[in-house]
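Visitor: I'd like to go over a predicted model; first the sequence, then the structure.
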Amino acid sequence: ISQHHNNNNNNNNTNENDDDCENANEGGANDDVVLPSSSSGTTTTEMERSLEEQMKKYLETYYSSKGVTSNVQITTTTSGGDNSSSTILILLYAERIQLPQYHAGSWLARYTITLSPNLKRTMDGTVLLHAHTFENGNVQMTSKTTLGPITVDPPPPSSSTSTSTAAHGIVETIQAWEEDHVVTPLREAYDSLGSGVLKKLRR
């Protein structure tokens, strides 16, 4: 099952292969993913520290099911100068490997935030999913969802916690994107498999 979403737009295809899965790709992980080094051309900022704290709480809430391992990496680059904008890259990866139960899957989210000195931000992102089940057959699902871009006005400049407020807003946007444009469409697609794609395959 291959799904490609651009916000609410999606296109589904199904592939099923009855070959035995002796060399299953553990976790369906994205082998071509290279995480950037946090020490190469980056600086740790107050915003980055606040985001790390709030993203860790987000992972503890939504990526802590039994058997799930997850991690987040946040890097910041600046163009130079006191009044320059910065670019924050958030990489969120999770996987669940259950080989004795013949299934595995991975989730890779990449979010880019361009932040102006007054904390006005532009955000976009991509979520890649890979699920694999291989009991009495071999069925895989891939999904790619493109999110944004959106522009969000900065918090009030008089706020003593403007950085924390902006970081919280970024995490809220990520949560809404993942729920509304990734999880919900996948749930709806799964619910329609019996009367849709799988029914056509049986014919």
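Guide: Right, received. Where do you want to start?

Visitor: can you give me the strands in this protein?
Guide: 2-6, 9-13, 16-17, 68-78, 86-98, 103-115, 121-133, 138-152 (DSSP state E).

Visitor: average pLDDT across the third one?
Guide: The predicted model assigns strand 16-17 a mean pLDDT of 46.

Visitor: what separates Gly125 from Ile174, distance-wise?
Guide: 7 Å (Cβ to Cβ, to the nearest Å). In this view, the C-beta of every residue, glycine as well, is placed from N, C-alpha and C.

Visitor: residues shared between the contacts of the two?
Guide: Residues touching both Gly125 and Ile174 by Cβ atoms under 8 Å, 6 or more residues apart in numbering: Ala109, Tyr111.

Visitor: contacting residues around Ser85?
Guide: Counted by Cβ under 8 Å, 6+ apart, Ser85 has contacts Thr78, Ser79, Thr114, Leu115, Ser116, Pro117.

Visitor: Dihedrals phi and psi, it?
Guide: Phi and psi for Ser85, reported as degrees, to the nearest 10, are phi -80, psi 160.

Visitor: That one and Leu119: what is the separation?
Guide: Computed with Cβ to Cβ, the distance linking Ser85 and Leu119 is 10 Å.

Visitor: do Ala167 as well
Guide: 9 Å.

Visitor: Give the residues shared as contacts by the two.
Guide: Met47.

Visitor: Between the two, point out the one with more neighbours.
Guide: Taking neighbours as other Cβ atoms under 10 Å, Ala167 and Leu119 compare with Ala167 leading, 24 against 19.

Visitor: Extract the residue ranges of this structure that are flagged as low pLDDT.
Guide: 1-44, 80-83, 157-161, 194-203 (pLDDT under 70).

Visitor: try 80
Guide: 1-45, 79-84, 155-162, 190, 192-203 (pLDDT under 80).

Visitor: re the thing from before, who wins on neighbours among the contacts of Ser85?
Guide: Leu115 (22 neighbours).

Visitor: Was I right to think that one contacts Ser84?
Guide: No - applying Cβ atoms under 8 Å as the test, Leu115 and Ser84 come out as separate, 10.2 Å apart.

Visitor: who touches Ala166 in this structure?
Guide: Here Ala166 is in contact with Met47, Leu115, Leu119, Arg121, Pro154, Pro155 (Cβ under 8 Å, 6+ apart).

Visitor: Now do the phi/psi pair for the last one.
Guide: Per-residue torsions, Pro155: phi -70, psi 170 (degrees, to the nearest 10).

Visitor: correct me, but it touches Thr165?
Guide: Yes - the criterion here is Cβ under 8 Å, and Pro155 meets it with Thr165 at 4.3 Å.

Visitor: Pull out the buried residues from stretch 175-183.
Guide: Counting neighbours by 16 or more other Cβ atoms under 10 Å, one finds that the buried residues in stretch 175-183 are Trp177, Glu178, His181, Val182.

Visitor: Dump those residues to JSON lines, plus distance to Asn71.
Guide: Compiled in JSON lines, the buried residues of stretch 175-183 are given as follows (distance: Cβ to Cβ, whole Å):
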{"residue": "Trp177", "distance to Asn71": "19"}
{"residue": "Glu178", "distance to Asn71": "16"}
{"residue": "His181", "distance to Asn71": "22"}
{"residue": "Val182", "distance to Asn71": "18"}
